[in-house]
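Enquirer: Output the structure for:
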Amino acid sequence: MHNHHTDITHTAIDGDNADARAELSFLSDVVRLLPAGVTVQDENGRFVLMNDAAAAQLGISDGAPFALPSDSLESRREVGLALLRDGRGLVTEEAVRNACGKQILLTTHQPVRISDRSFLLSSSADISDQKAFEDELFRAAYYDELTGLPTRRVLEHRVNGLLKHGPQDRFALAFLDVDNFKHINDYYGHAIGDALLVELARRLERELRDSDMLSRISGDEFLLLLQPLQGTDEVAEFIRTTQRRLCAPFFIDGSEVFASTSIGVSLHPEHGHSYDELCQNADLAMYRVKEAGKGTTAFFDHAMEREAQARMKVEQSLRLAILEKRFCCAFQAKVDIRSEEVTGIEALVRLRDDEGVIQAPGSFINLAVELGLIDELTHLVLAEIVKSIDLINETFGAMATISINVAAKQAGNPEFMRSFAQALRETGFPKRFMIEVTEDAFVAKTHFQDEILPMFRDLGVGISIDDFGTGYSSLSALADITADEIKIDRSFITDIHMRPRSQGILRAIESLSEALGMAVIAEGVESFEELAYLQAATKIRYAQGYYFARPIFLEELRPAAPLASESRMSLASRPPQTNRPAYSRGERYRR
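Expert: Predicted structure coming up:
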């Protein structure tokens, strides 16, 4: 310990007492070796005591005089003088530089009176590691680790401040979502996906004002605050410029990556008076862009809110219907148009809402796919068929095939298709079934053809291409398809007798199917004229539609179900002029 500490101790203890001197020596060693830095200053700010830890903390070399210039030492001296003048204590954090680099000290200063003299006792502990950890926690809480952007919490705090201090001030919230980001991650890898988000954030920040704020709120979603604003045109022009900038390719690790963003915008005060409301409305506008084709911008309007509420009602009904098995099946016959014999049926799923009204699948099937509920719904349809197989056989015949629709997303999911194949096997009559999938399932980059289709072939399950002509097939892709039947979409059949172009397409599809060895079914036959054309001008043998029979619900089969022969007789004996049940041709009454 430096010998300057004796100025204090001699005034406090009688130096002639031997025992006192021994105690003083012991206490001096204790103070010198304390892990905390200890200093004592007199009324003039002079250091009269400093232990080894304090000397190291304040950048004083061992044995050097206290008067040696040191920024940390001078700062401590100035603080000490001020506290002694005011007669007050202080607990503070000090940033010092020494041989160990930069340290953060937690220092307690306390003025004392000893033998009628004023001194300042100071004790310092090194809290550098603790502060570094606190800073790390702070950044994790308020800044995104990947992009360095403020988190949602920071932007929300800024918006709430604007709402509090200027409730009528104009500003905009823009919700940005990277289109097809999952595909980018799958194709290029997550490292390039992360690098893309960083580069995209830099491009977004490039033209922002100091008063604007960009936040990454999750995954590939960003939230942008634009304020202040003069008008809507200002926002629209900025967003257009931003999207043009984002359309330029990103060069990352030798890869040229293209990305676009869908953007939804809400304005204050027109579209809300709270952060949550404005953020939700910007999200609704962005969702509208996603539905319309991605890569553009939409401003919120209140019609979107009404649509979202209706969508939420359907979603809740759908979840409850599956949970409570509150759905129903209908069956529509596939008919031989020469003999009008029933050769098969298609299972159609319907949703019964809270008020008992039956909803067509167009209102919920896409939502079921999006929410991940479609797999469970398909299994429930199969279970309903198995439970009612005796009624089905009595009505349509024990030889009629039973078609079940499978969405393209399901068809490309090996895990689901394996479980579905197992469920079909467990029915005990898998050869009765036919799976209807859209042509997208065959031409998409999935393992449907190579891995999934053989499973069903082994079971004897038939494969049908549904809604043919409305997908994205190429002739080369069709050449590899080994389906059993093609169902021509109703858009080609409606008024076929009056539409030469549709007639030409129909002949081409007929020739194609014949060459590939697949049967053809005409969907949506509604009139005698349409049927007459098919019988007279084509080789098509099978059809399906309201002309022959409307979909029949299971509950309609239970009371006094007709025999299969009676059902087929009623179809064959029906006069051509009979009025059919009215329904809209545009309605998607089937999945």
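Enquirer: so how far is stretch 209-227 from its chain's centroid?
Expert: The chain centroid and the centroid of stretch 209-227 are separated by 17 Å under C-alpha atoms, centre = their mean, to the nearest Å.
Enquirer: cool, and stretch 276-288?
Expert: 14 Å.
Enquirer: Check stretch 130-137 too.
Expert: 31 Å.
Enquirer: Over to stretch 366-377?
Expert: 16 Å.
Enquirer: go on, stretch 315-332?
Expert: For stretch 315-332, the separation from the chain centroid amounts to 25 Å (computed by C-alpha atoms, centre = their mean).
Enquirer: Give me the residue ranges of this protein where confidence is low.
Expert: Applying pLDDT under 70 to the chain flags the ranges 1-16, 61-70, 353-357, 359-360, 362-363, 442-447, 469-480, 558-591.
Enquirer: cutoff 50 now
Expert: 1-15, 65-68, 445, 560-591 (pLDDT under 50).
Enquirer: Tell me where the longest helix sits in it.
Expert: Counting residues, the longest helix found in the chain (DSSP state H) is helix 302-323.
Enquirer: For it, enumerate the helices and strands it packs against.
Expert: Judged by 3 or more C-beta pairs under 8 Å, 6 or more residues apart in numbering; DSSP states H and E, helix 302-323 is in contact with helix 275-292, strand 342-352, helix 365-371, helix 374-387. All C-beta spots, glycine's among them, are computed from the backbone N, C-alpha and C.
Enquirer: now the angle between strand 342-352 and that helix, please.
Expert: 110 degrees (axes from the mean of the first three to the mean of the last three C-alpha atoms, to 10 degrees).
Enquirer: Now do helix 302-323 against helix 374-387, angle only.
Expert: 40 degrees.
Enquirer: what sits against the residue positioned nearest the centre of the chain?
Expert: With the centre of the chain defined as its mean C-alpha position, the nearest residue by C-alpha atoms, centre = their mean is Gly219, 7.4 Å away. Gly219 sits next to Phe181 when contact means C-beta atoms under 8 Å, 6 or more residues apart in numbering.
Enquirer: Name the nearest residue to Cys100, sequence neighbours excluded.
Expert: Nearest-residue entry for Cys100: Ala56, 7.6 Å, with adjacent residues in sequence omitted and distances by C-beta to C-beta, 6 or more residues apart in numbering.
Enquirer: I meant to write Gln535 there.
Expert: That would be Ile337: by C-beta to C-beta, 6+ apart, it lies 5.9 Å from Gln535.
Enquirer: show me the contacts for that neighbour.
Expert: Shown in contact with Ile337 (C-beta under 8 Å, 6+ apart): Ala522, Val525, Leu531, Leu534, Gln535, Ile540, Arg541, Tyr542, Ala543.
Enquirer: Throw together a PyMOL command that grabs the buried residues out of the residues you listed.
Expert: Buried members of the contacts of Ile337, defined by 16 or more other C-beta atoms under 10 Å, are picked up in PyMOL with:
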select buried, resi 522+525+531+534+540+541+542+543
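Enquirer: I'd like the list of the contacts of Ile337 that fall within strands, please.
Expert: Here DSSP state E is the test, and the contacts of Ile337 give Ala522, Tyr542, Ala543 as lying in strands.
Enquirer: between those residues, which is closest to Gln243?
Expert: Ala522 (44.3 Å; C-beta to C-beta).
Enquirer: in the sheet, who's paired with the closest one?
Expert: Beta-bridge partners for Ala522, by DSSP bridges, are Ile488, Ala543.
Enquirer: Throw the contacts of Ile337 into a markdown table and include distance to Glu510, thanks.
Expert: Shown next, in a markdown table, are the contacts of Ile337 (distance: C-beta to C-beta, whole Å):
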| residue | distance to Glu510 |
| --- | --- |
| Ala522 | 10 |
| Val525 | 15 |
| Leu531 | 16 |
| Leu534 | 10 |
| Gln535 | 13 |
| Ile540 | 6 |
| Arg541 | 11 |
| Tyr542 | 12 |
| Ala543 | 13 |
